[in-house]
Each structure stands twice: as C-alpha cells, then as structure tokens.
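# Following is a predicted model, sequence given first.
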Amino acid sequence: MSLISHDRRSREVVPGKTIFDYADELTVEVPTSCMRAGRCHECVVEVEEGMAALRPRGEAESFLRGNYRLACQAVILRDDLDIAFSPLRRRPKILAAGRRRPAVELDPAVSRRGEAIFYENEAVDRFRGHVLGLALDLGTTTLVMDLVDLGSGRVLMTASCENPQRFGGSDVMHRISYDGEHSGELQRAAVAAINREIEALCRSLGCSRRAIYEVAVAGNSTMRDIFFKLDVQPIGQRPYKSAVEHDWRAGRRPTTALLENAPRLGLKVNPKARVYGLPLIASHVGGDMAADLIAAGLAFGCAETAMLVDIGTNTEVAIVRGGRMIVASCPAGPAFEGGLVKYGMPGQDGAIESLRLSADGRCIDYRTIGEVEPQGLCGSGLIDLLAELRRHGLMTAKGVFTADRRRFATTILPEHGITFSREDASHLAQAKAANYCGQLIVMRAFGAEPGDIKRLYLAGAFANYIDVANAVAIGFLPPIPEERIVKIGNAAVEGARQVLLSRRLRRALEERVKNVEHIELETTPDFFEVFVEGCRLEPMPASFHPAAQLAS
C-alpha cells in the first residue's frame, strides 16, 4: 500500500485524487482564490517524493519547474509510489520582532483631521475607527509585517510566514533568472501571501483592511523591485545594479526610494493607500540594510567603530565610524537556511536548533523547535554541529572526518536517521566563506581589525538564535568579545516601522544612503584567496594588518 504524506501524517494513495484533495484530508493549509481551477497559481506545493506518480504538468503549470506543482492540478495516476508534499506557506519559527528603538517624533504621511483621512494634503477617505500602516520586511526566505497605529506609533499585531516565492529559486540570482522567464509570477505569489496575512490581522483586530493607508517595504534590491513590478534583470548582470539605481546615478530620479499606489501592486488595503519602498544603498545592498541601520541607530553615524551584519541567504555587512560607512553584500546562499544540506531545514517545528556531541560523535544533548521529535537541523544547529565536530577533533578544518578519512557521512542521531556528510560540510563551508569574506574585506577596507570593533550588531532571525562562541570558533563571525555583540532581531521590520512613522526620517535616510561607500567583493584583488581561507572551519584571524593590505 502506497501512502501520501505531509509532516508525518499520511493517507492511502488513491489514483484520480489531487494533492489538494489530500491536503484537505490532512488539514494542510494550502491557499487558493480561483476555486481550484489552476488560474490563481497560489496553491504551489513542493513534491518531496513521488513526482513520477503524478500526471505530467499541463498548461496551467507551465511556469513551474523542478519538484513544484499546483496542488489542484497534480492528479495522482499511480498507486505504487509513496508521495510526500509540503506547501510553500509554512509557519517556521520566525523572529517577528526586532529591538524596539526609542519612539521617533511622529510625522506620518497619513493623518486624521476630524472625520477625514489625509495622505499628505490629499483627502483619501473617511475615518473608519483606525488609522493604520503596515511595516513589511520582504525577505528572500520569510515575510514579516507589523500592523501599526499611525496615531500612536504602537505595533498592534505582527504576522509572519515563509516567502512562497521559493518555487523560483532559493536565492536572488535564481529568482532574477526565473522572473525573466515568467514575469509577474513571483510578484503575485508574494502579494497573495501578504494579502492573506493582512486579512488575518484585520480579522483578529476587528478592523477593516481599508483602514490601512500606507505600507513601508524593506527588502533587498531584488525582492523590493520584484514586488514593485520592476525589471530585475539588470541586478543579475554586471555591474549588478537595479534599474532604479542606474536611473538615480544618471540623474533621472532624485532617490532610490520608491512610492507606488497600492492597487497597482495588488495589495488589498485602502484603494488610495501608497506603498513606500525604502531606498537602496548600492547593488545588492538594499532597503533591508537601510532599515537595519535605522534600527541599530547607525544610519547617521557612530562615535566608535561599529559593525552590522544581517545574516541570511544574502548577507549584508556595514562598518561605520563617525560619518564614514562602508557596506558590502555576500551571496551566502541557502545552506544555513534549509537548502543543499540533506537534513538541513528552515527554523520550524522539529528542527534541531542547538546540540552537543560526545567525544565519539554521539549527540548527547539537543533542543528542537517546538520541543517535538527531531526532523533535521536549522542554521543555529548546523553551526553548533560544525563547532562540536571540530572541538572534539572529529573533523578537520577542511571538512574531512578524522576517524576514517574515507568516510563520507556520520550519523548524528541514529534513532532518527539524521546524518551529516562531507558534502553537507562543503556546502556549509562555502556559505560560511561568503560571510567571512564580506566581514573581513569590509573591515580591512575600513582600516579596522576585529579588536577595533566596539559593537557588532547581528540582525535577522537566524543570527538571533546562534551560539556566538560556536560561530566565532568556525570563523562564521570575527573574534570579537561576546560582551560587544548585540543581537537586534528582526531589524528590517523595525526600521520599516520607523520610516512609516516619520517622513523626516525617510527623507534623511534617502539622503544618507547617497554617501555610503560600497565594495563589490568579487572585484577585490585577493577575493579568491580570502574565500578559500574562509572555507576552512577555523577562527578568523584576530589581526590581518589592514593598513598593509590597503597599501597593496
């Protein structure tokens, strides 16, 4: 008997039924707005096992590739294969809140005057009981949004979900390529997910979505421009700059920030609402980093040398002292976020988020998200695993097992069948090396060493849960005393909230980003050598003589 399963729940396979039919039976939330006719393209699922048992793709699924299908169109033809699937809108453990900054002086674009609502000086609506805005962190992997009272600045509710765009690739370069072939599909997928979250927020709050009059969006250059229906192909080609940045540099626009009418983007908020896209800094360093800098209090300078690292599929690094700032972007890829590693997974229930090994490599202590049976390892657990393997001498700095150099895998949890291979270690080492390069090269260009960094701010959900000592031990972070490291959580959504509440702040930010120095890491003369050095699972050097490096 063959089974179809999701998250360890299963039913017997019956030919003629669709994956959506089984999603109903297994109480799996799969979105749709076209009554399962294959038109809305919202019910994308990942078929993890058993693709050969399904009817081949038809015209309605022509935009999909790999192991992705529309649940309503994926008809089961065979009952001799097991099938496993998962929707693209899962609820991982997402760090929704950032470190709240002191309240800005309220100066929103939206105001209430008597019973009328104004956007700037234009009357746009009557008062509906609330005057709301939405701060949105549009990440490559996750979507996080704060519903904000524009009168008080208070966050009323927060929502989060996985970014359903992953059928277009796990990193921005794959999404750029996909968007060139299937223009609009990724934008519609993100907007559909955001609209569902908006509806759920407003239902919980007991208010109308029409009471939302402005949305502030923080996202990297690719995510932001896809959302605003712009051509992102220039970002994928040298010199890797947004069409918006090209226009700004050519004097055809005053800023890299964007302002658009919400209905044109498909958002189900007030029909007169505007959508503000935070300004890009340069190349792949986008509005999410601009928001991070606001949240960390670094956007307009810092008396002491400080560094900010937003760790993700695309990691951004900034270093600042006084009025000078240097930034860079590192294409780290998805290895620490559930991709490329056999038992890697996003930070959701069942993911091992921390662990300890014995001297012989057995897992003697671990903690899973949700405190349920382990299914794999998320990013923080993978960092712990690498550090523990190195600490006990079970793996070399090159990622080779020491007990038997011919061995290609080791079993971490025998009772759960979770293994870790040399190939897994290689993928993680390369992702770590991208982060290593970004941090080391930016420090070096600034003329600073790890000991000069008085504060290291770590942004993003992944960074919030890592064991800092283990991250330093494998060279994922520079050797900076732990008391100088500050985790600021989801800084992008906090920065978006700040500019949502203050027109003065957003104007100041638009001007500030024009004077930030940007480094293209790949153009650094010794980039390859630094990358190879960064692939080693050992600490970053505490001293690399930055002045000498700059002189060379």
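Looks like it came in fine.
# and V532, what is it in contact with?
A433 (CB atoms under 8 Å, 6 or more residues apart in numbering). Backbone N, C-alpha and C define where each C-beta goes, glycine included.
# F408 versus that one, what's the distance?
Computed as CB to CB, to the nearest Å, the V532 to F408 distance reads 22 Å.
# For the residue nearest to R367 when sequence neighbours are not counted, pull up the helix or strand it's in.
Using CB to CB, 6 or more residues apart in numbering and skipping the chain neighbours, the partner closest in space to R367 is S354 (4.9 Å). Assigned by DSSP states H and E, S354 belongs to strand 351-357.
# Dump that strand to CSV, keeping only the CA atoms.
Once non-C-alpha atoms are left out, strand 351-357 reads as follows in CSV (Å, rounded to 0.1, in the frame of the first residue of the first chain):
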residue,chain,number,x,y,z
ALA,A,351,14.4,21.5,13.6
ILE,A,352,17.3,20.9,16.0
GLU,A,353,18.4,24.5,17.0
SER,A,354,21.2,23.6,19.4
LEU,A,355,23.2,20.4,20.2
ARG,A,356,26.2,19.0,22.0
LEU,A,357,28.3,15.9,20.9
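# tell me which strands and helices that strand is in contact with?
Contact analysis of strand 351-357 by 3 or more CB pairs under 8 Å, 6 or more residues apart in numbering; DSSP states H and E lists strand 363-368, strand 376-377, helix 379-391 as its packing neighbours.
# Give the other helices and strands that the second one contacts.
For strand 376-377, the packing partners by 3+ CB pairs under 8 Å, 6+ apart come out as strand 351-357, strand 418-421.
# any idea which of these is most buried?
Greatest average neighbour count among these goes to strand 351-357 (a mean of 22), per mean count of other CB atoms under 10 Å.
# pLDDT of it, averaged?
Averaged across strand 351-357, pLDDT comes to 93.
# That one pairs with which strands?
Partners of strand 351-357 in the sheet, by DSSP bridges, are strand 363-368 (antiparallel), strand 376-377 (parallel).
# Quick check: buried residues in the strand or helix carrying V530?
Using DSSP H and E, the element containing V530 is helix 527-534. Within helix 527-534, the residues that qualify as buried by neighbour count (16 or more other CB atoms under 10 Å) are V530, F531, E533, G534.
# and what of stretch 186-205?
For stretch 186-205, by 16+ other CB under 10 Å, it's 186-198, 201-202.
# mind listing what T411 touches?
G417, I418, T419.
# Can you name the element that comes right after the helix or strand hosting A23?
If you go by DSSP H and E, A23 is part of helix 19-25. As assigned by DSSP H and E, the chain's next helix or strand after helix 19-25 is strand 44-49.
# Neighbouring strands - and their directions - for that next one?
strand 68-70 (antiparallel), strand 83-87 (antiparallel).
# average model confidence for that strand?
For strand 44-49, the mean confidence score works out to 94.
# Please list the outside residues in contact with it.
Residues contacting strand 44-49 (CB under 8 Å, 6+ apart): 19, 23, 30, 54, 64, 67-71, 74, 81-88, 164, 166-167, 189.
# Please apply the same query to stretch 383-394.
For stretch 383-394, using CB under 8 Å, 6+ apart, the contacting residues are 336, 354-359, 361, 377, 395, 397, 401-403, 410, 412, 420, 425, 428, 466-467, 469-471, 473-474, 476, 537-538.
# filter the residues you listed to the buried ones?
The buried subset of the contacts of stretch 383-394 - by 16+ other CB under 10 Å - is 336, 354-357, 361, 377, 395, 401, 410, 412, 420, 425, 428, 466-467, 470-471, 473-474, 476, 537.
# Could I have the ChimeraX command that selects the buried members from the contacts of strand 44-49?
A single ChimeraX command selects the buried members of those (16+ other CB under 10 Å):
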select :19,23,30,54,64,68,69,70,71,74,81,83,84,85,87,88,164,166,167,189
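# TSV for the helices and strands packed on strand 351-357, including mean pLDDT and distance to R113?
Shown next, in TSV, are the helices and strands packed on strand 351-357 (pLDDT from 0 to 100; distance: least, CB to CB, whole Å):
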stretch	mean pLDDT	distance to R113
strand 363-368	91	52
strand 376-377	92	54
helix 379-391	95	48
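# could the ones you listed go into a markdown table alongside distance to P234?
Formatted as a markdown table, these follow (distance: least, CB to CB, whole Å):
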| stretch | distance to P234 |
| --- | --- |
| strand 363-368 | 42 |
| strand 376-377 | 37 |
| helix 379-391 | 30 |
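# Which of the ones you listed sits closest to G347?
G347 lies closest, by CB to CB, to one member of the helices and strands packed on strand 351-357: helix 379-391, at 6.9 Å.
# Let me know the angle separating the closest one from strand 351-357.
Counting by axes from the mean of the first three to the mean of the last three CA atoms, to 10 degrees, helix 379-391 lies at 20 degrees to strand 351-357.
# For helix 379-391, C-alpha coordinates in CSV please.
What follows is helix 379-391 as a C-alpha-only set of coordinates in CSV (Å, rounded to 0.1, in the frame of the first residue of the first chain):
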residue,chain,number,x,y,z
GLY,A,379,21.1,27.1,10.8
SER,A,380,21.9,27.5,14.5
GLY,A,381,22.0,23.7,15.0
LEU,A,382,24.3,23.4,12.0
ILE,A,383,26.7,25.9,13.4
ASP,A,384,26.7,24.0,16.7
LEU,A,385,27.3,20.8,14.9
LEU,A,386,30.3,22.1,12.9
ALA,A,387,31.8,23.6,16.1
GLU,A,388,31.3,20.4,18.1
LEU,A,389,32.9,18.2,15.4
ARG,A,390,35.9,20.5,15.3
ARG,A,391,36.1,20.8,19.1
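# Compare the strands paired with strand 44-49 and give me the one nearest H246.
Nearest of those (CB to CB): strand 68-70, 32.3 Å.
# now the strands paired with strand 351-357 as TSV including distance to L259?
Formatted as TSV, these follow (distance: least, CB to CB, whole Å):
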stretch	distance to L259
strand 363-368	44
strand 376-377	42
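# Among those, show me which one is buried the most.
strand 376-377 (a mean of 26).
# Now do the contacts for the most far-flung residue of the chain relative to its centre.
Relative to the centre of the chain, and counting by CA atoms, centre = their mean, the farthest-placed residue is G114 at 40.6 Å. Contacts for G114 (CB under 8 Å, 6+ apart) come out as F127.
# what residues does the helix or strand hosting I176 touch?
Per DSSP H and E, I176 falls inside helix 172-181. For helix 172-181, the surrounding residues in contact (CB under 8 Å, 6+ apart) are 140, 165, 168-169, 185-186, 220-223, 226, 232-233, 235-236, 284, 313-314, 331.
# Okay then, goodbye and thanks.
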